[in-house]
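# structure here, sequence nowhere to be found:
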């Protein structure tokens, strides 16, 4: 799971770059809903980092020699991440919006419509060629067969989340939670 977290961090940093690039390119960063969606991507990235740090910080002996990262943070990440990734992909789609449709190709940028493309496809802070490339990259991430497979990959890479959660329900160590409740109930009876 550690390599999964590292992969997810790298992927989310790249996606955050796309999200921020789109936001700056078309000048939508001043809108509250755009800031909120961008922050949601940041939160997703930093949550994966937090899962990794927690697992590493609570590492301990396991089967064999050496220490192993703690399992519970990885388990929680495995259950949460498929939906979080799908949400991140949806955010890219929402922020890029119509810019994903009818985007010129590299060939178009060098063809007879190059001047018109340069005029009408420019962004708020980048030229048309950079904007076309950025939006084509966003399309590759979410709209192509590759992008769709990536979303499915993140959903099913670790297995069926429902079954994983059922297994976790059946095997989780409830002793600390039960002790907390018991202490509270004893305090109630004592008052």
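It's in. Fair warning: this is a prediction, and the values are worked out from it, not measured in the lab.
# pick out the residue closest to the middle of this structure.
Geometric centre of the chain, nearest residue: residue 85, 4.1 Å, by CA atoms, centre = their mean.
# show the model's pLDDT score for it.
Looking at residue 85, its pLDDT stands at 95.
# tell me if I'm right that it and residue 154 touch.
Yes: contact criterion CB atoms under 8 Å: residue 85 and residue 154 qualify, at 4.0 Å. In short, each C-beta sits where N, CA and C put it, glycine included.
# for the helix or strand encompassing residue 155, packing partners?
Using DSSP states H and E, residue 155 maps to helix 145-156. Judged by 3 or more CB pairs under 8 Å, 6 or more residues apart in numbering; DSSP states H and E, the packing partners of helix 145-156 are helix 71-96, helix 128-142.
# show residues contacting the last one.
Contacts with helix 128-142, where a contact means CB atoms under 8 Å, 6 or more residues apart in numbering, come from 15, 18, 21-22, 25-26, 89, 92-93, 96, 99-100, 103-106, 109, 117-123, 126, 146-148, 150-151.
# helices - which of these land there?
When DSSP state H is applied, the contacts of helix 128-142 are split such that 15, 18, 21-22, 25, 89, 92-93, 96, 106, 109, 117-120, 146-148, 150-151 fall in helices.
# now, of these, which are buried?
Among the ones in helices among the contacts of helix 128-142, the ones that count as buried by 16 or more other CB atoms under 10 Å are 15, 18, 21-22, 25, 89, 92-93, 96, 109, 117, 147, 150-151.
# and the two most separated of those residues?
117 and 151 (29.8 Å; CB to CB).
# next one: the residue nearest to the centre of the chain from residue 8, what distance?
8 Å (CB to CB, to the nearest Å).
# with residue 67 instead?
From residue 67 to residue 8 the distance is 22 Å (CB to CB).
# higher neighbour count, the two?
Each of residue 67 and residue 8 has its neighbours counted (other CB atoms under 10 Å); residue 8 has more, 24 against 11.
# mean confidence for the helix holding residue 155?
Across helix 145-156, the average pLDDT comes to 87.
# part of a helix, is residue 47?
Yes: Residue 47: assigned to a helix according to DSSP: H, G, I helix; E, B strand; the rest coil.
# need the contact list for it.
Taking CB under 8 Å, 6+ apart, one finds 80, 84 in contact with residue 47.
# helix, strand or coil for residue 63?
Following three-state DSSP, residue 63 is assigned to coil.
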